[in-house]
Every structure is written in C-alpha cells, then in structure tokens.
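need a 3D model of the following:
(2 chains)
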Amino acid sequence: MNELVSTSNLWRDALRRLKANRLALAGAIFVFVLILLALLTPFIAPYEYDFQNRGLSSSGPSLNHWLGTDYLGRDLLTRMLYGSRISLLVGFVATFVALIIGVSWGTVAGYLGGRVDSLMMRIVDALYGIPFIILIILLMVVFGRNLVLMFLAIGAVEWLTMARIVRAQVTSLRRTEFVLAAQAMGVSSISIMTRHLFPNTLGPVIVYATLTVPQVMLLEAFLSFLGLGVQAPMSSWGLLIRDGAVSMEESWWLLVFPATVFSITLFSLNFLGDGLRDALDPRSN
Amino acid sequence: MKNLKLKIFSISRTLVVFLLFNILILSCGQRSTPVEDSIQDQVLYLGNGTEPQDLDPHIVTGVPEHKVLLSLLEGLVVSHPEGKGYLPGVAKKWEISDDGKEYLFYLNENAKWSNGARVTAEDFVYSWKRILLPTTAAQYAYMLYVLENAEDFNKGKIQDFSKVGVKAINDSTLKVTLRNSTPYFLSLLVHYSTWPVYKPIIEKFGEIDSRGTEWTRPGNFIGNGPYVLEEWKLNDVIIVKKNPYYWDKDTVSIKEIRFFASDNETSEDLRYRSGMLHYLNTIKVTKIQSYKESYPKQTRIEPYYGTYYYRINVTKDELKDKKVRQALSHAINRKEIVEKVSRGEQIPAFSFTPPDPVNFYPSTQIEFNPKKARKLFKEAGFSESKKFPKIEILYNTSEGHQKIAEAIQAMWKENLNIDVELVNVDWKTYLDRQKNLDFYISRAGWIGDYPDPNSFLDMMLSGGGNNQTGWSNLEYDNLIRKAAEATSTEERYKYFDKAEHILIDELPLIPIYTYTRVYMLHPYVKGWHPTILDTHPYQFLSLEP
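Here you go, the predicted structure:
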C-alpha cells in the first residue's frame, strides 16, 4: 500500500532536529570536508610525504610551503594531509571493530539474559579492569608494530562500553510485544536479534560510535606520542604533534598547525555526536 | 543546548582554577635555583644522558656508566685533568722495565675502600681475574689482552690464572707483565674495566663471575673513588657523596654530585636552562646554532675521539653480501648529514678510526656515489623486479639519532629505492639486542677508551666482545696482532692503515661521522678542561662564582 500522507518518521525528525543544531551541523560539515581531503590527498598534496628538502630545514610558513617545513625539510601541509588519512582511518576502522564486537556481544547477552548474560557481562567487567594502555603496549611489543594490529588492539579495547549500552537497550526491548509476537510465531533467535532488536538499538549505537571516533583518534595520538604509533617516515597527527612539541621553541608552526587541526576535528566530532544524541533520542534532553 | 551551556560553564570554571594554579606557581618561582645555591652547598648537578645499564665496572660498556663510575672507583693511575698524561691513583709510583714489558706499581698505603679497608695489590689481581674469567663473559675483557697469557685465559685455553701477567708481590706491590711492549698501557688503567672491585662485597652477593647482583645498589656498593654511592633512583637520579676514606680527599672540594638520567633531550635542556643542572650532556640538534649565538661561553663544541657509525649484522641473509653493504655505504651523503642534520661541526668519517688526535690518518676513502651504489646493488642481484627485502635500523631513543636515521632512510630510498623501517628502543634493550645480534642495522657510536687507534680497531677482532656484527676476518686479526708486536709507531700505523682498508672494503660497519663533543657547562664549574676522551675526574673540579 502506498503511503498517501507523509507522516513524520524517526529519521526525518532526527535530521530536522540535527539541522537546527548549528554546532552539530558545522561539525558535520568540517568532518565531511576533512574526509574528502583525506581521500584526495595523493592528488592534492603538494609534495611526497617522505620527500626531504634538507636544504630547507625548519623553515616557517612560506609560499612554497604554506605551513612550513620540519627539521628534515619535509612539507608540513603534506605530512598533515597524509597524517589525516592515518588518524581518520584509525578512528573509523577501530570504531567499526568496536561496533561489531560490542553490538553482537551486547545483543546476545541482553536477549538471552539469565546466566549467559551474567557471565558475558562479568567478562566485560573483568576486561574493564585491565589497564588498556598497558594491554595495547603489550600487544605492540609481542606482535610488533603494524597498522592493522593497532586497529584491532584499539577496537578490542573500545567495545566494552558499546556492549553495555546495547545490552541495556536489548534487555528492555526483550519483553516488548513485538518481540513476544515474533517469538510466538516461531522466529528464530538469530532473526529476532538481527531483524528486530538490532534496528531498535541503532540510535544509541550511532551516537556512541560518533563519540568513540574522536576517543580513538586521541588514543592513536597518545600511542604515537609514546612512540608506539605509525612508523617513520609515515606520519599521523599524533606523531606530528609529538615532533612539534619537542621543537616548539624553535619552530612553533610544527606544533601549532597540527594541534589546532586535531583539536578542531575532535571538537567537531564531539559536537556532531552530541547533536546526534539530541536528535535521535529527544527524551534524553 | 542546555547541556552545552553547562559544559561551557564547567570549562570556564576549569580555566579559572588553572589560572589560579599558575599564579600560585609563578609566585613561588622567585626561589633561587639549585645551581645558584651550589656555591654554598657545593653540590654538582650533571645531566648524564640515558639511565645507566648497571654500575659494575666489569659489566658495563657505555659512556653514562663511565661518568658515574669515575666518581665511585679509581684505578692504578688517574687522568690528568687537562689530558696531559697520568697522575698517581691507587699507585703512588711505578717503574717500567727497559723493554717496556714489565711494570711495577707501588700502591699508596692510604688508598682505602669506602669501608676503611686498604686497597691491596691482591684486590687488583682479583678484579682482573674477574673480568678475564670466561664465565663472567665481560664484553670488555679484551682490554686486558695486553697482559701476558690473558687472552688464552679469557678464551679458556689455560685454566690457571697464576700464569697471567699480574702478580701481587706483597700488599703494596703489583707486578704486571705484558705480552708486548705496549706504549698505551697506562692509558688502559684509567678505563673502568681495569678498576678494582671489593672482593668481600662481590662474594657476599654472588660468585666472582656473577653478573647483575645486588652489590651495585646503594648501601651495598663499596668503592675506592673520591665519592660513595648514596642513592640511585631509576630513571631519575644517582647521588654520590664525598668519600671520607679517599686517600686524596683534601683535593676533593665538591661535596656531592647528582647525575640525572634522561632519554629526553628536551627535558634535560629545560632543566639546564632553569638552573637545575651545571652540565647539559647534549644540546638538541635544533638548538646548537642559536645557543652558539646566545650563550657563547657556555656552549662548547670540542674535538672528541669517537665515531658515529651504523653497525651491520652480517649474519643476516639480506646483509651477507659485501656488495649490499658497500652500496648502502655509497648511498649515504655524509657531508649533508653533518651539515644539515647533526650540525655540531662533526666531520664526515671515511674510516672507523677518527683521524688526527694521535697523528694517525687512515688513507681510506668512501665516495658518495649513488650511481655506483645502484650498480653494486644490481650486481648483488637486486633490481626493480627483485626488490630488496625490508630491513630495520635499530637505535636507542633520542631525537638526534632519530633525525639521522630518518635522513639515512630517505637517502637509501632516494638512491637505492629500498624501504627501511626505524625501530627505537630504550638503552638497555638496545644494548641487549646488539649483544644478541638481534638487529639488521643498528646505530652505534664508539668513543676511544684510550688515545690510540687500537682502541677502535681491536674491537672488530673476530669474536671480540664489542664487535657485535658477526663479522670476522683472519687477515684483519693478523694485522692487528702484528701491529701489537710492532716496535715503532710508524710500523704500527702501517698495519692499522691496512686493517682500516679491509674494514672499509668489507664494511661490517658504516662510518658516518667523527664526533664532536657538544655540550653546555655552567661557568661556576672550574677546573674543567677539554680533553679528547671527555674525561674530567671530579676531584679536580670545583664550584666557584
């Protein structure tokens, strides 16, 4: 049957509320532009990320190098662009990993309930107790440093909160009429979880995921800051900020530009996340 | 929106607290600094680079360890503060036989351990036995190979230590018999590997050949130097206090020395500039130029008898072929590294032994020639289609080493199109991995232990403790042995030069530059003279305005 009257549905409502929130909108636009730039980096970057013009060491912003160069004469703008690829990639992929593990874990625990639920959530509690930085450093030491491992390691740490959120949601949905109806009709548990329960947890999940991305990026920056991040000559924002912090007295631009862009990105993602929460879940306001 | 306002409110509240906190700190900032107070309390604050590996003179191999041990222990002789020969230490005088092979040391009766016991000739026999025992596995054992039969004893060919050329005739007379007449023998005696350790304390915590026991901890450590170990906080500070039993205690004017450990050049730099250190161990490469201009008196750049080089593990399949090693070496632009990267007036190195200080000028050459490098690489079987496997450069964490490694990484990429990974680890791990040949290429620096080319060249002997490349070459070993037996300096240097040629052709190590000592020293410190080995015995220093 065709819909004759345009009713207000959840998503359209959310979009409307989001548009009204200027900060969130600005955040969304900034993130979008950033992703676009990161994708286009190989075409728009003025230099190669590892190209060293050793004659032009630590020179300030100029026409040839808009944001200046570092000690080895590498163009900062280029390195920031390439760095954004790594930082965003880590941010999104690790969040995705966290999402997959967290949502499935939480859904299963919430839906099955009882002993299984207790057991699964105690495991989550136990994992919460492990100091995650040490865990990641340990993983890096044992398996060596590579990007994929970093995604997995960070993702494996970040899924815990996601699992709790989803579980709480599913537990409250489990006794609702539509689930009972589905059960009565003999729909398999897996179908109930994937078809009925999961879509209903989407709101909080999206919100939390958006807030996880900046958290993960910060974590990556932190690891790079400790010297555990990506390998030279590749760059990431964390690495650039670390190098900048070391030489901030001699070359301020090496710290100021990457740190500013990084902060704005984190703000944008947080505003976007806040906005999405307000939009998708009006009750919480 | 309400949420946001709340957030902004809490942010601004944090800001206010933060500002108040700052004001609090600033108002306390009027206090005088440790360096300003040092004239009064006679405490010397030294930046000492990285955390020492240990304080056992027969185990350690590094420069930071040397600087601390110099305050805690003393050998038969001590270095002249201006680098002019040697002064009496535990030995008050010595006699050398005409053929230069026999030394008689007469020990000072007043030379005491820090518990009041006398330092006897027997202590030296015990200590030298300790470092030479094969089971101690001391990397520096070869320093004493100049003694008769010492090499055979160290290699397990003879078991009887009484055959080795060192004997205690009585408590205060030590007789040393050398294998060959060795013109630099006295200079070995100011190196920590030949310094004595106190038998009762070693054996209280282990056997004669135990490594890494508790005896080097504060409270346990018994030494015979001008200072005693008071405190050792890991990765922070080592404090030593004046030794009341030191025989020459009247010369010692500084009451206490604090050695600060720091891997981070930036934080050490800040410490120096905020008056918490008298001595800044290394100036950050990015700051050398501006410090030369703004602190011309404190900034010091002095010749230093050392070589910065890359050690190559020749046991790795990728690096077995000497053509690969030559290609790597030809692809490094050393001039650019010293001018654009290290920037401390270093000199590009084309030999392992630094030229000049003792009038030895190796005649080896290494051309910067990318074309030749590519050709050699091709001959070794690598080309566009068969890419060189990924290898790693290992270095201990430091901004300076990292910059050089990144520059070399880029040069190899530009000139040979190979990918190299950089791996940085802390000092102890770095030393361990080198010792266990767990690396491809590792950054290394070698500072002469005594002013003679032998100090560099005998390190690369087959199986030498500090060789650490897996490289061995019989012809090379022969040349070094012949040099030791040579009677004239001219002849010795001829053999050394030939040995250098083998080294530069085979390249188990790639020399990069000859060091300069780049550091800062506060004007309060008096009696500090530039010396080629950067040794400044603390008893001759003083703190005066």
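
so which residues on the stretch 1-150 of chain A come close to chain B?
Proximity of the stretch 1-150 of chain A to chain B, by CB under 8 Å from any CB of the partner chain, involves residues A:23, A:50, A:52, A:54, A:55, A:57, A:58, A:71, A:72, A:73. No exception for glycine: its C-beta is placed from N, CA and C like everyone else's.

could you look up the SS state of the fourth one?
Under DSSP: H, G, I helix; E, B strand; the rest coil, the three-state class of residue A:54 is coil.

please look at residue B:193 and residue B:143 and confirm they touch.
Yes: contact criterion CB atoms under 8 Å: residue B:193 and residue B:143 qualify, at 4.6 Å.

overlap in contacts of the two?
Common contacts of residue B:193 and residue B:143 (CB atoms under 8 Å, 6 or more residues apart in numbering or on different chains): B:131, B:449.

picking up where we left off before, need the max-distance pair from the residues of the stretch 1-150 of chain A next to chain B.
Comparing all pairs in the residues of the stretch 1-150 of chain A next to chain B by CB to CB, the longest separation belongs to A:23 and A:55, at 44.6 Å.

give me the more crowded residue out of the two.
More crowded of residue A:23 and residue A:55, by other CB atoms under 10 Å in any protein chain shown: residue A:23, with 16 against 10.

can you tell me the closest non-neighbouring residue to the more buried one?
Of all residues not flanking residue A:23 in the chain, residue A:271 sits nearest, at 4.5 Å (CB to CB, 6 or more residues apart in numbering or on different chains).

need phi/psi at residue A:249.
When read as degrees, to the nearest 10, the backbone of residue A:249 gives phi -70, psi -30.

which ones are touching the closest residue to it other than its chain neighbours?
Closest residue in space to residue A:249, ignoring its immediate chain neighbours: residue B:287 at 7.7 Å, by CB to CB, 6+ apart. Listed by CB under 8 Å, 6+ apart, the contact set of residue B:287 reads A:249, A:250, B:269.

columns pLDDT on top of these, output as JSON lines?
Shown next, in JSON lines, are the contacts of residue B:287 (pLDDT from 0 to 100):
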{"residue": "A:249", "pLDDT": "81"}
{"residue": "A:250", "pLDDT": "83"}
{"residue": "B:269", "pLDDT": "91"}
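
which of those has the largest number of neighbours?
Within the contacts of residue B:287, most neighbours by other CB under 10 Å means residue B:269, with 23 neighbours.

residues contacting that one?
Applying CB under 8 Å, 6+ apart to residue B:269 gives the contacts B:280, B:283, B:284, B:287.

okay, it and residue B:161: tell me how far apart.
Separation of residue B:269 from residue B:161 (CB to CB, to the nearest Å) stands at 48 Å.

and for residue A:195?
As for residue A:195, its distance to residue B:161 is 84 Å (criterion: CB to CB).

which one of those two has more residues nearby?
In terms of neighbours (other CB under 10 Å), residue B:161 is the more surrounded of residue A:195 and residue B:161; the figures are 16 against 12.

just give the nearest non-adjacent residue to the more buried one, would you?
residue B:129 (5.0 Å).

and that neighbour, what helix or strand is that in?
When elements are assigned from DSSP states H and E, residue B:129 belongs to helix B:121-132.

what's the longest helix along chain A packed up against?
Of all segments of type helix in chain A, defined using DSSP state H, the longest is helix A:76-112. Applying 3 or more CB pairs under 8 Å, 6 or more residues apart in numbering or on different chains; DSSP states H and E, we find helix A:76-112 packed against helix A:22-44, helix A:114-129, helix A:147-173, helix A:198-225, helix A:237-246, helix A:253-280.

mind giving me the packing neighbours of the third one?
Put plainly, it is helix A:147-173. helix A:76-112, helix A:114-129, helix A:132-143, helix A:198-225.

shouldn't residue B:62 be in contact with residue B:428?
No: between residue B:62 and residue B:428 there is no contact under CB under 8 Å: 9.9 Å.

residues that sit against both of these two, list them.
Counting by CB under 8 Å, 6+ apart, the shared contacts of residue B:62 and residue B:428 are residue B:53.

ok, the residue lying closest to residue B:136 once chain neighbours are set aside - contacts?
Counting by CB to CB, 6+ apart, residue B:136 lies nearest to residue B:209, which is 4.2 Å off, once chain neighbours are set aside. By CB under 8 Å, 6+ apart, the contact set of residue B:209 is B:130, B:133, B:135, B:136.

quick one: contacts for residue 218?
As the question left the chain open, I've gone with chain A. When contacts are counted by CB under 8 Å, 6+ apart, residue A:218 touches residue A:266.

nope, chain B
Residue B:218 touches B:229, B:230, B:231, B:232, counting by CB under 8 Å, 6+ apart.

out of these, which is most surrounded?
residue B:229 (24 neighbours).

do you know how far residue A:33 is from residue A:39?
Residue A:33 sits 11 Å away from residue A:39, going by CB to CB.

now residue B:371
As judged by CB to CB, residue B:371 and residue A:39 stand 39 Å apart.

neighbour-wise, which of the two wins?
Each of residue B:371 and residue A:39 has its neighbours counted (other CB under 10 Å); residue A:39 has more, 13 against 9.

and the lowest mean pLDDT element among the helices and strands of chain A?
One helix or strand of chain A scores below all others by mean pLDDT, DSSP states H and E: helix A:132-143, with a mean of 76.

could you give the angle of that helix to helix A:114-129?
Angle, helix A:132-143 to helix A:114-129, by axes from the mean of the first three to the mean of the last three CA atoms, to 10 degrees: 80 degrees.

for helix A:132-143, packing partners?
Under the contact definition 3+ CB pairs under 8 Å, 6+ apart, helix A:132-143 sits against helix A:147-173, helix A:198-225.

got the angle for that helix vs helix A:198-225?
Using the same axes, to 10 degrees: helix A:132-143 against helix A:198-225 is 70 degrees.

is it true that residue B:331 touches residue B:375?
No: with contacts counted by CB under 8 Å, residue B:331 stays clear of residue B:375, the gap being 11.2 Å.

what mean pLDDT would you report for stretch B:189-199?
Average pLDDT, stretch B:189-199: 95.

end to end, how far does that stretch reach?
Using CA to CA, to the nearest Å, the end-to-end distance of stretch B:189-199 comes out at 19 Å.
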